[in-house]
Structures are given as structure tokens and as C-alpha cells.
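**Student:** Everything below, folded, please.
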Amino acid sequence: MGEERFFLLEVACPAKGCDNNDVYSWVHSSDEGRVKFSNRARIQCSKCSVTDHIKYWEFDCRKHKGGYQPASNSSYSKAIGIAMEAGKMDRGLALEFLTFLINNPW
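**Tutor:** Here you go, the predicted model:
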């Protein structure tokens, strides 16, 4: 699959159980830096450069405002699919992300 690459992406809320299908540009709550997503299920803040697996991040959207919730392998896959269907993510890139998630569940 090649090396890890990070992308500024707009995706739906990847929190477990969230039914929000709106697609967002995500920001790091600590410093308002844009969040970049990697093809290896990691997230990086574009401002402070903190980087970790998505399973260690929590998400907050208008559906559960003020209630940060963790993602899961399946909820992140769903968020990627929604972004692809909304035209916010190239199908080839989405397939790369989803293939990694299928082969590396957490």
C-alpha cells in the first residue's frame, strides 16, 4: 500500500453511534488547527503536529455537541463512505482508506 500520507479531508462525524451525515472540515479542539487524516487511520493536527491513531481521538459535532465521542473502525469507515458519496473524497483514495481499515481492524 505504500507509505503513509496525510490529507486535509472533509468527512462525516466518525464518532460511534453518530447518525450525522453532514461532511465537515475537522479542527483540533486544543489549537483550532485543521485535522489531517492518513491512509493508515491516523490523524494529525496541521498546527501542533500531534499525531495518533484515530482510535485515540474523540469527535464532537452538532448531533452530540459538547459530548466528545470516540470513533470505531466501522464508524470511521461509514464517515469515509459518506464523504465519498458527497463528492468530498476521491473514490480511489476512499478505497485505499477502507482497504486499510478492513485489513487492520481495531
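**Student:** if I look at residue 12, how far off is residue 18?
**Tutor:** Computed as Cβ to Cβ, to the nearest Å, the residue 12 to residue 18 distance reads 8 Å. The C-beta positions use only the backbone N, C-alpha and C, and glycine is treated the same way.
**Student:** which of these two has more neighbours?
**Tutor:** residue 12 (25 against 21; other Cβ atoms under 10 Å).
**Student:** Name whatever forms a beta bridge with the more buried one.
**Tutor:** residue 23 (DSSP bridges).
**Student:** Which positions in stretch 45-54 come out as buried?
**Tutor:** For stretch 45-54, the neighbour count (16 or more other Cβ atoms under 10 Å) marks 45, 54 as buried.
**Student:** start to end distance for that stretch?
**Tutor:** Stretch 45-54 has an end-to-end distance of 12 Å (Cα to Cα, to the nearest Å).
**Student:** Now find how far off-centre that stretch is within its chain.
**Tutor:** 12 Å (Cα atoms, centre = their mean, to the nearest Å).
**Student:** in what helix or strand does the closest residue in space to residue 26 that isn't next to it in sequence lie?
**Tutor:** Leaving aside its sequence neighbours, residue 26 sits nearest to residue 35 (Cβ to Cβ, 6 or more residues apart in numbering; 4.0 Å). Using DSSP states H and E, residue 35 sits within strand 35-38.
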